[in-house]
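# Give me a 3D structure for the following:
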Amino acid sequence: MHPHFSLVPLISLIAGILILVRPKLLSFIVAFYLIAVGLIGLLGLGNLRFH
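The predicted model follows:
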């Protein structure tokens, strides 16, 4: 059995951890997250799975 990782939840997890570690980076992390999710949606990478 191989776990499947989707890109958007992985980005969300990393962003959440960074916000906990460095709260002053909140606006930059949110901006990066929104840009990344927008690009993933526009480029159709939302269905990309990592094995």
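# With Ile14 as the reference, measure out to Lys35.
One thing to correct before we go on: residue 35 is Ile, not Lys. 14 Å (C-beta to C-beta, to the nearest Å). Just so you know, the C-beta spots here come from the backbone N, C-alpha and C atoms, and that holds for glycine as well.
# Those two: which is more packed in?
When Ile35 and Ile14 are compared for neighbours, Ile14 comes out ahead with 14 against 10, by other C-beta atoms under 10 Å.
# What pLDDT does the model give that one?
Looking at Ile14, its pLDDT is 87.
# quick one: secondary structure of it?
Three-state assignment for Ile14 (DSSP: H, G, I helix; E, B strand; the rest coil): helix.
# The residue nearest the centre of the chain and Gly44, how far apart?
Geometric centre of the chain, nearest residue: Ile11, 1.7 Å, by C-alpha atoms, centre = their mean. Going from Ile11 to Gly44 by C-beta to C-beta gives 16 Å.
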